[in-house]
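**Student:** Fold the stuff below for me.
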Amino acid sequence: MNKVLYIGAGDDINVINIFNTCGYKCNHFVLIDTLPRSSHDEMGFYKGFYKSNFVDEIKQEFKNIGFELKNITELKKIKEFNKIDLPFIHPHLLEFIKGNKIVKYYISTNINKFMNNQLRKDLIDSDTLYIKGYFPEIKLFDYFKLDSKKKIFVGDEDTIYQKQPDDDINIINYMQNNDCADSYFSDYYIYINNILIKCNKTQFYL
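**Tutor:** Residues are numbered from 1 along each chain as shown. I've put the predicted structure just below:
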């Protein structure tokens, strides 16, 4: 577990502590969220879903654990949002550094609406997918297929992995309904009681 991918991270940066306190010396984390633009990006832009203080909160969260913000980069202007005059409405990359640890946080980023070479490489090169709360859409598997190595699946105990027949909109439902988890993942872990435990994919109904 060297490069951890966490989609739908929001302001939850505890993923950094999880892997390092459990004995895995992870130095590279890739976080992705559609915030601050929207918490429901699939519905189009609605100002009520915009979180104006999100970036300031994230910067403070990382500062609290000793990370320094090194770069903020606007990645692309998306045409459908050009008339919206709000900060960070377009995809941006925040890069945080602490010693040899690097966190790349892609904000206002929806992989169905935006992709560039850097983000694409980070999706492909990640070796571990951490799931908590949000289930990524199946578009993610298009990038996983481009890696010759399978990923490691880590599911958080606070997430319900209930099977939902005939609904393949996200990767969890897709794997449950098509019995294909082993096509993408080599090992399965659950984070429970502050430890990572290796388990069988059936723990997640996969």
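
**Student:** okay, CA-based contacts and neighbour counts for the rest of this
**Tutor:** OK.

**Student:** for the chain, where's the lowest mean pLDDT among helices and strands?
**Tutor:** Of all helical and strand segments in the chain, the minimum by mean pLDDT, DSSP states H and E falls on helix 15-21, at a mean of 86.

**Student:** Quick check: what element follows that helix along the chain?
**Tutor:** Toward the C-terminus, helix 15-21 is succeeded by strand 28-32 as the next helix or strand (DSSP states H and E).

**Student:** Return that next one as PDB; C-alpha atoms alone will do.
**Tutor:** The C-alpha trace of strand 28-32 is given here as PDB (Å, rounded to 0.1, in the frame of the first residue of the first chain):
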ATOM      1  CA  HIS A  28       1.500   9.200  -1.400                       C
ATOM      2  CA  PHE A  29      -2.200   9.900  -1.200                       C
ATOM      3  CA  VAL A  30      -4.600  11.000  -3.900                       C
ATOM      4  CA  LEU A  31      -7.900  12.500  -2.700                       C
ATOM      5  CA  ILE A  32     -10.700  13.600  -5.000                       C
END
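
**Student:** And the least confident helix or strand of the chain, what's buried?
**Tutor:** Across helix 15-21, burial judged by 16 or more other CA atoms under 10 Å covers 15-16, 18-19.

**Student:** Quick check: of the residues you listed, which lies closest to residue 1?
**Tutor:** The closest of the buried residues of helix 15-21 to residue 1 turns out to be residue 19 (CA to CA; 8.3 Å).
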